[in-house]
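[1] 3D model of this:
(one chain, ligands or ions: 1)
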Amino acid sequence: MNTETGLLNTIDFAESENQQMIASMARDFSNREIRPHIMDWDERQEFPIPLFKKMGTLGLMGVLVPEEYGGAGLGYIEYITAIVEISRVDGSIGLSVAAHNSLCTNHILQFGSEEQKRKYLPKLATAEWIGAWGLTEPNTGSDAGNMRTVAVKDGDYFVINGAKNFITHGKSGDVAVVIVRTGEVGDSHGMTAFVIEKGTPGFSAGKKENKLGMRASETAELIFSDCRIHKSQMLGNQGDGFVQALKVLDGGRISIAALGLGIAQGAFDAALKYSKERHQFNQPIANFQGISFKLADMATKIEAARLLTYRAGDLKNRGLSVSRESAMAKLYTSEVAVEVANEAVQIFGGYGYTKDFPVEKFYRDAKLCTIGEGTSEIQKLVISRSILK
Ligand SMILES: Cc1cc2nc3c(=O)[nH]c(=O)nc-3n(C[C@H](O)[C@H](O)[C@H](O)COP(=O)(O)OP(=O)(O)OC[C@H]3O[C@@H](n4cnc5c(N)ncnc54)[C@H](O)[C@@H]3O)c2cc1C
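    Below you'll find the predicted structure:
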């Protein structure tokens, strides 16, 4: 690698056998088990737990977890591929798979003790347990370092009070990794991560959000009211929580890039097919340059987004720093997902505005990608800081 520019000297574009295998498995599974239910789950805002259990048996809920802890033991290239194929069909299922794998499970994998890994990873990797990850609070989203949920030390225990909001699987999660304040506000080493199981006294779920999109992915509050947990539930050292969270987000943002890529691809596939079938002025609308140029722009942006996303995954696999690259992939791919879904609705005309065709849902789901795991503005902060330093 050229250390000056951070650019790779060579890129291997060939798909590996593992990548082809997981793509075909995730595609078949999504077409068979997800596609028939998309609008039903969306309209009822149902988080389909049995589906996640099935994905657990296929290794999709522990893609990055080593086999010794019950996972699939694969890398980021396969992980991106799986999320793209699922999100191409239903972004809300892709979001939940991403949050479970990248946030909760990966935080324990990266920072848990051997005992914590042996206890939690096999259950998470097989989806016997669903995982949640709580950083955001009602008053601190982008500014997460100013969080107010506090854990006060009391002998061998910590007593937690406060609330986390917008937490994926906040209600149905069997276990949550939460980052809370254990020091002064404003001190980046004043926060600590804990793993907390459902049913712990003083730990409960609050309001479930009624959302624009991603409606089959559950989003809810976590509430802590004198929640007493043993110090053995701490992940890593006291004061390391915020730094751990940023590292977890470096990987998480690759999965949100994959989510956006899948949504963009799904919207594009639908628009391409429709443009050849829909006739106006006695010909397929694809014959009009106004439509074919839209398709050309959409396809080009998707390919650029794909390259950024896989490049970030490749760097991550090689253990290199990916803060900038994952922010670039997440920023670009999220914005492309929104643009492509918007154009797909346009290509469908009035039908695109109805729930009889899939593009209105891609349009609604895509917007989350520019918000979750750091807004587009926050990605630009990460990227600009990195290039200006
Ligand atoms: C469906 C969904 C699922 C989620 N899942 C999780 C989860 O599992 N766990 C979790 O912890 N969180 C989760 N989140 C929270 C998500 O990460 C936050 O919503 C996000 O980080 C933005 O925070 P905020 O909503 O408080 O917006 P704010 O931080 O209040 O931002 C409001 C606006 O101000 C802009 N802004 C803020 N600061 C700056 C700045 N310095 N410069 C320029 N612009 C700025 C933002 O970009 C945005 O446009 C989820 C959110 C959603 C909607």
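[2] show me what contacts the closest residue to the ligand within the chain?
    Among the residues of the chain, Gly141 lies nearest to the ligand; the distance is 1.8 Å by CB to the nearest ligand atom. For every residue, glycine as well, the C-beta is placed using N, CA and C. By CB atoms under 8 Å, 6 or more residues apart in numbering, Gly141 lies in contact with Phe166.
[3] now it. Its backbone dihedrals?
    Per-residue torsions, Gly141: phi -110, psi -80 (degrees, to the nearest 10).
[4] how near is it to Thr200?
    Note on Gly141: its distance to Thr200, by CB to CB, to the nearest Å, is 25 Å.
[5] and what of Pro284?
    When Pro284 is compared with Thr200 (using CB to CB), they lie 59 Å apart.
[6] tell me where this protein is predicted with low confidence.
    1-11 (pLDDT under 70).
[7] buried residues, the lengthiest helix in it. List them.
    For the chain, the longest helix by residue count, based on DSSP state H, is helix 241-277. Applying a neighbour-count criterion of 16 or more other CB atoms under 10 Å, one finds 241-242, 244-268, 270-272, 274-275 buried in helix 241-277.
[8] next: stretch 54-74.
    Going by 16+ other CB under 10 Å, stretch 54-74 has these buried residues: 55-56, 58-65, 69-74.
[9] how about Thr309, secondary structure?
    Classification of Thr309 into helix, strand or coil gives helix, according to DSSP: H, G, I helix; E, B strand; the rest coil.
[10] burial count for it?
    Each residue near Thr309 was counted by other CB atoms under 10 Å, and the total is 31.
[11] so who does it touch?
    Listed by CB under 8 Å, 6+ apart, the contact set of Thr309 reads Ile80, Ile254, Ala257, Ala258, Leu261, Ala329, Thr333.
[12] leaving out sequence neighbours, find the closest residue to the first one.
    When the adjacent residues along the chain are set aside, Ile80 lies closest to Ala258, with 4.3 Å between them (CB to CB, 6 or more residues apart in numbering).
[13] can you pull up the bridge partners for Phe158?
    Applying DSSP bridges to Phe158 yields these beta-bridge partners: Lys153, Ile229.
[14] and if you look at the one 5 residues further on?
    Per DSSP bridges, residues listed as beta-bridge partners of Ala163: Ile223.
[15] try Ala132
    Here Ala132 sits in beta bridges with Ala176, going by DSSP bridges.
[16] contacting residues around it?
    Residues touching Ala132, when contacts are defined by CB under 8 Å, 6+ apart, comprise Ala99, Leu103, Cys104, Ile167, Thr168, His169, Gly170, Gly173, Val175, Ala176, Val177, Leu222.
[17] near the ligand, which of those residues show up?
    Checking the contacts of Ala132 against the ligand by CB under 6 Å from any ligand atom, the ones in range are Ala99, Ile167, Thr168.
[18] any chance of the residues you listed in a markdown table, with secondary structure and distance to Pro122 too?
    What follows is the ones next to the ligand among the contacts of Ala132, written out as a markdown table (DSSP: H, G, I helix; E, B strand; the rest coil; distance: CB to CB, whole Å):
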| residue | secondary structure | distance to Pro122 |
| --- | --- | --- |
| Ala99 | helix | 19 |
| Ile167 | strand | 23 |
| Thr168 | strand | 21 |
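[19] can you select the buried ones among the residues you listed for me in PyMOL?
    Command for PyMOL, covering only those of these found buried under the criterion 16+ other CB under 10 Å:
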select buried, resi 99+167+168
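[20] which among the ones next to the ligand among the contacts of Ala132 gets closest to Ala337?
    Set against Ala337, the nearest of the ones next to the ligand among the contacts of Ala132 by CB to CB is Ala99 (16.8 Å).
[21] so that closest one makes contact with His169?
    Yes. If you go by CB atoms under 8 Å, Ala99 and His169 touch, sitting 6.7 Å apart.
[22] identify the contacts common to those two.
    Each of Gly131, Ala132 lies in contact with both Ala99 and His169 under the rule CB under 8 Å, 6+ apart.
[23] strands paired with the next helix or strand after the longest helix of the chain, and their directions?
    Moving toward the C-terminus from helix 241-277, the first helix or strand encountered (DSSP states H and E) is strand 279-280. According to DSSP bridges, the neighbouring strands of strand 279-280, each with its direction, are strand 283-284 (antiparallel).
[24] in the stretch 1-150 of the chain, which spans are strands?
    131-134, 150-154 (DSSP state E, counting those that start in this stretch).
[25] could the ones you listed be laid out in a markdown table, adding distance to Arg32?
    Conversion of these to a markdown table gives the following (distance: least, CB to CB, whole Å):
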| stretch | distance to Arg32 |
| --- | --- |
| strand 131-134 | 25 |
| strand 150-154 | 44 |
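[26] who in the stretch 1-150 of the chain is up against the ligand?
    Residues of the stretch 1-150 of the chain lying near the ligand by CB under 6 Å from any ligand atom: Ala99, Trp133, Gly134, Leu135, Thr136, Gly141, Ser142.
[27] and the fourth one, its phi and psi?
    Its backbone dihedrals place Leu135 at phi -120, psi -50, with angles given as degrees, to the nearest 10.
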